[in-house]
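Participant: pasting the sequence and the predicted coordinates here, then a few questions.
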Amino acid sequence: MNRGTYSVDIGSQHLDLPIVSLNDNLALALLITVDVGVSFMERAGEELAQVLAPYKVDVVATVATMGIPLAVEVTRHLGLDRYVVLHKTPKIHLADAISEPVRSITTDAEQRLLFDRARIDDVRGKRVAIVDDVISTGASTGATLRLLRSVGANVVAIGTIVTEAGLWRAALGDDATMVRALGSIPVFRPDGSGGLVEDWNG
């Protein structure tokens with residue numbers, strides 16, 4: 001690791017992620033799915049789909065916005081056609097949405113996950129895989145699990161491009177065993193002399 005980037009293998013691919021300070025005590029290696037390119041996301045989606053295939057998934061679910069490119073590719077490579085998206089930003093079609101509170105590591109305020117009631121039948125009684133770009137604190141994943149289960153979905157797997165540090169394991173509890181990742185990254189803490197050290201616990 002040099003000061004400005006963190007190198008990580010993600011499945012069969014490699015990325016150098018920029019390290020960005022979140023505050024005086026925490027920095028993150030930033031994976032932005034909309035910035036890594038179509039070919040990277042296509043291969044990552046294909047490789048994650050191979051990992052998820054044994055779970056006989058009926059539908060893929062994700063959280064907007066960064067999870068959408070992954071959901072598209074995983075859905076395509078599983079041979080499925082439709083996926084569902086949980087939103088954090090109110091939209092006109094979500095006025096009567098089912099909601100669940102959530103707070104993510106990169107957002108100061110509590111938000112709400114919103115799920116379109118018109119899509120309930122797409123997940124009720126179905127084998128669902130949740131996919132997301134990064135699982136960090138586990139807050140978004142946990143909220144997604146709770147919301148989908150509340151409408152009758154059978155969540156059978158959780159797929160991600162990378163896990164970040166280890167806080168997510170405690171947050172997800174027994175559900176952490178469902179997580180399948182193509183790679184893992186730490187968070188970073190000040191070393192006291194102007195540099196950063198890796199923190200794998202988070």
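Facilitator: Now that the structure is in, tell me what you want to look at. Source: prediction; values computed, not measured. Numbering: from 1, shown residues only.

Participant: which parts of the protein are helices?
Facilitator: 38-52, 68-77, 120-123, 139-150, 167-172 (DSSP state H).

Participant: can I get the ones you listed in a markdown table including mean neighbour count?
Facilitator: Just so you know, the C-beta spots here come from the backbone N, C-alpha and C atoms, and that holds for glycine as well. Listed next are these as a markdown table, based on neighbours: other C-beta atoms under 10 Å:
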| stretch | mean neighbour count |
| --- | --- |
| helix 38-52 | 19 |
| helix 68-77 | 22 |
| helix 120-123 | 16 |
| helix 139-150 | 21 |
| helix 167-172 | 18 |
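
Participant: compute the number of surrounding residues for the residue nearest to residue 43 when sequence neighbours are not counted.
Facilitator: The shortest distance from residue 43 to any non-neighbouring residue, by C-beta to C-beta, 6 or more residues apart in numbering, is to residue 13 (6.0 Å). Neighbourhood size, residue 13 [other C-beta atoms under 10 Å]: 17.

Participant: now the one 5 residues further on
Facilitator: Burial measure for residue 18: 14 neighbouring residues, criterion other C-beta under 10 Å.

Participant: ok, it touching residue 31?
Facilitator: No. Counting by C-beta atoms under 8 Å, residue 18 stays clear of residue 31, with 9.4 Å between them.

Participant: need the contact list for the nearest residue to residue 99 once chain neighbours are set aside.
Facilitator: Distance criterion C-beta to C-beta, 6+ apart; nearest residue to residue 99, sequence neighbours excluded, is residue 112 at 4.4 Å. Neighbouring residues of residue 112 by C-beta atoms under 8 Å, 6 or more residues apart in numbering: 88, 99-102.

Participant: put together CSV for the helices of the chain, with mean pLDDT and distance to residue 92 on each row.
Facilitator: Formatted as CSV, the helices of the chain follow (pLDDT from 0 to 100; distance: least, C-beta to C-beta, whole Å):
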stretch, mean pLDDT, distance to residue 92
helix 38-52, 98, 28
helix 68-77, 97, 18
helix 120-123, 98, 18
helix 139-150, 96, 20
helix 167-172, 96, 32
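
Participant: turn those helices into TSV, including distance to residue 192.
Facilitator: TSV is the format used below for the helices of the chain (distance: least, C-beta to C-beta, whole Å):
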stretch	distance to residue 192
helix 38-52	36
helix 68-77	37
helix 120-123	48
helix 139-150	29
helix 167-172	22
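
Participant: nearest to residue 156, out of those helices?
Facilitator: Nearest to residue 156, of all those, is helix 38-52, at 8.7 Å by C-beta to C-beta.

Participant: alright, calling it a day.
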